[in-house]
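*Asks:* Sharing a sequence plus its predicted fold:
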Amino acid sequence: MKAKKIVVVGGVAGGASFAARMRRLDEQAQIILLEKGPYISFANCGLPYYVGGVIQDRNALLVQSNERMQNVFNIDVRPLNEVTSLDANNKTVTVKNLKTGETYRESYDYLVLSPGAQPIKPPIPGIENAPVFTVRNLLDADAIKNYMATKPVKRAVVVGGGYIGLEMADNLHKLGLELSLIEKAPQLIGTMDYDLAAIVAGHIVSKGIDLYLGDGVVEFKQQDQATRVVLESGKTIDTDLVILSIGVRPDVGFLQDSGLEFGQRGGIKVNEKMQTNLPHVYALGDATEITDLNTGTQTLIPLAGPANKQGRIVADNIAGLDKTYKGTQGTAIAKVFDLTVATTGSNERTLQAQGISYKTALTQPNSHATYYPEARMMTVKTHFSPEGKILGAQIVGYEGVDKSIDLLATALRLGMTVYDLQDLEHAYAPPYNSAKDPVNMVGFVAENILAGRMETVSWAEIEKTDAFLLDVREKEEVERGMIAGSYHIPLAELRPRLSELPKDQDIIVVCRVGQRAYVAASTLRQLGYNAKVLAGGYKFYRDVTKALKTINS
């Protein structure tokens, strides 16, 4: 049997993963990897930390060297070779050797497209003459470091409040720069709900960062010794350096006349086997539109984990193993200064836009047993269907966030319900966890909501409610702050003082995080009162409203 000739366009997460897997499955295949950049495999997720000096060894970011890929896997690695067009009828690609300027054609039996995505750099007036940098590959990071090493950089502006923008802000702040962060949307981190994103924004402001939300850049003006960033609001910021991190788009310009089908968002259309509409042509990674695991819609989710998995699946299919890609749920995590922020699945906006019914559990467990030193509280917000199927989760905290989001992401991937979360058995010892794990607690609270044993009210509803606000915290807690208009009865005094409560009015019960409020509301409901619980308690209400005042001031 004739050996397969496989041409791979693009390396990094998807293309390099495919090539290595393909070789393990087929020793006879001729595999050619064409990469327009100088490196076929590097850790682009580590770039902000290299810029900030946390990762000091540049070579540590080279996951697989060109030479090792060629020697160990017998792959014809061709860096600085850019594919400029595809002729599917003749099963060839046109390639330009960027070192020599030579153009040649390469034939294939199978073509694997992994061109990735390119940073969005809009035609803002003055952008070409300003020190504006993107952060997509190792050369971008080199350019930023070289500029800071040769220029008097004391101030920086980061444009874009997604994960990469926040990680860059964190690392530039570590370098001691005066920092401004600009986000055109009304909140940071578009995959999060508004209230948790507000807490993250408030935390950033507390670090001395100037934050501009709901404001976009309209112009860059060169001053004598600085660049002036002009915003839509008319505000201006003088800076020495600009990092542009407003998202990416599929790098598919060279494929526009190839006959490939593209989706509504500009990515390559693929089926569940990662096949395109063209015979013997597969696509994977950031350039493809994939299925959202929750909604079933087609979307772009540029993440390294899915790209690696897709590379493996494409190799399996070319080798005849018949594998399918079941969709992406968008699990992500980021270090934002000393805070950890993580998401998986759908947020409120997505669920509402898709018309998906959902309920929400808001819990605030500790990272480990509270009697063991240095336990830290995290905020966990979980969305689930009326039948209990997990739809999405978000966590903001300091310790244990990674473990809990991974458990929730796994549960979502496996189609588990919040009832299943109650039965999960986790490793427990006081330094690591609590006997009731944070994910168990999500299950307990969600079940109470679904069973009708607890009705919750959000922080946003408090300002417009005419309900009776009952605070059941202790006296010393209330003295440190309470919601205006609240009536105070400590939980232990509730039953003897029932006569002080109205039976013809809704009662919203408030405690610190919601647990005591649930106990009080359960008692009141059984005694004929219409009692609800403030989700997240006074702490969450205070954190969100304080953050909103801070970032809007």
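*Replies:* Yep, that arrived. Worth saying up front: this structure is predicted, and the values here are computed from it rather than measured.
*Asks:* Pull the contacting residues for Ser107.
*Replies:* Lys5, Val7, Asn90, Lys91, Thr92 (Cβ atoms under 8 Å, 6 or more residues apart in numbering). All C-beta spots, glycine's among them, are computed from the backbone N, C-alpha and C.
*Asks:* Does the third one belong to a helix, a strand or coil?
*Replies:* Okay, so that is Asn90. coil (DSSP: H, G, I helix; E, B strand; the rest coil).
*Asks:* for the protein, what helix or strand is lowest in average pLDDT?
*Replies:* Within the chain, no helix or strand scores below helix 66-73, which has a mean of 89 by mean pLDDT, DSSP states H and E.
*Asks:* Please name every helix or strand in contact with that one.
*Replies:* If contacts are counted by 3 or more Cβ pairs under 8 Å, 6 or more residues apart in numbering; DSSP states H and E, helix 66-73 sits against helix 12-25, strand 76-79.
*Asks:* one more time with 6 Å, if that's ok
*Replies:* Judged by 3 or more Cβ pairs under 6 Å, 6 or more residues apart in numbering; DSSP states H and E, the packing partners of helix 66-73 are strand 76-79.
*Asks:* Compute the distance from the centre of the strand it packs on to the centre of its chain.
*Replies:* 32 Å (Cα atoms, centre = their mean, to the nearest Å).
*Asks:* rewinding a little: can I get the least confident helix or strand of the chain in CSV, CA atoms only?
*Replies:* What follows is helix 66-73, C-alpha atoms only, in CSV (Å, rounded to 0.1, in the frame of the first residue of the first chain):
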residue,chain,number,x,y,z
ASN,A,66,12.0,22.0,15.2
GLU,A,67,15.0,19.7,15.3
ARG,A,68,13.5,17.4,17.9
MET,A,69,10.2,17.1,16.0
GLN,A,70,12.2,16.2,12.9
ASN,A,71,14.6,13.8,14.6
VAL,A,72,12.3,12.0,17.0
PHE,A,73,9.2,11.8,14.8
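*Asks:* the inter-axis angle of that helix versus helix 12-25?
*Replies:* In terms of direction (axes from the mean of the first three to the mean of the last three Cα atoms, to 10 degrees), helix 66-73 departs from helix 12-25 by 20 degrees.
*Asks:* and helix 66-73, which residues are buried?
*Replies:* Asn66, Met69, Phe73 (16 or more other Cβ atoms under 10 Å).
*Asks:* sorry, back to before: any of the contacts of Ser107 buried? List them.
*Replies:* Those of the contacts of Ser107 that meet the buried threshold are Lys5, Val7, Lys91, Thr92, by 16+ other Cβ under 10 Å.
*Asks:* how about those in CSV, adding pLDDT and distance to Ile395?
*Replies:* Formatted as CSV, those follow (pLDDT from 0 to 100; distance: Cβ to Cβ, whole Å):
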residue, pLDDT, distance to Ile395
Lys5, 97, 47
Val7, 98, 42
Lys91, 97, 48
Thr92, 97, 49
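*Asks:* Looking at those, which one is closest to Leu424?
*Replies:* Each of the buried ones among the contacts of Ser107 was scored against Leu424 by Cβ to Cβ, and Val7 proved nearest at 45.0 Å.
*Asks:* how about the nearest residue to the closest one, chain neighbours excluded?
*Replies:* The spatial neighbour of Val7 that comes closest, neighbours along the chain excluded (Cβ to Cβ, 6 or more residues apart in numbering), is Tyr108 at 4.0 Å.
*Asks:* try Ser357
*Replies:* Leaving aside its sequence neighbours, Ser357 sits nearest to Pro386 (Cβ to Cβ, 6+ apart; 5.5 Å).
*Asks:* That neighbour: neighbour count?
*Replies:* A count of nearby residues for Pro386, using other Cβ atoms under 10 Å, gives 10.
*Asks:* any idea how far Pro438 is from Thr379?
*Replies:* In this view, Thr379 and Pro438 are 10 Å apart by Cβ to Cβ, to the nearest Å.
*Asks:* again with Val478
*Replies:* Going from Val478 to Pro438 by Cβ to Cβ gives 27 Å.
*Asks:* Who has more neighbours out of those two?
*Replies:* Remark: of Val478 and Pro438, Pro438 carries more neighbours, 28 against 16, as counted by other Cβ under 10 Å.
*Asks:* ok, Ile182 - contacts?
*Replies:* Val159, Tyr212 (Cβ atoms under 6 Å, 6 or more residues apart in numbering).
*Asks:* What backbone torsions are found at it?
*Replies:* Torsion angles at Ile182 (phi, psi; degrees, to the nearest 10) stand at phi -120, psi 130.
*Asks:* now Val205
*Replies:* phi -60, psi -40.
*Asks:* For Glu374, the count of nearby residues, please.
*Replies:* Count around Glu374 with other Cβ under 10 Å applied: 9.
*Asks:* go on, Glu27?
*Replies:* Glu27: 9 surrounding residues under other Cβ under 10 Å.
*Asks:* Just the pLDDT at the closest residue in space to it that isn't next to it in sequence, thanks.
*Replies:* Using Cβ to Cβ, 6+ apart and skipping the chain neighbours, the partner closest in space to Glu27 is Asn74 (8.0 Å). Reading off the confidence values, Asn74 has pLDDT 95.
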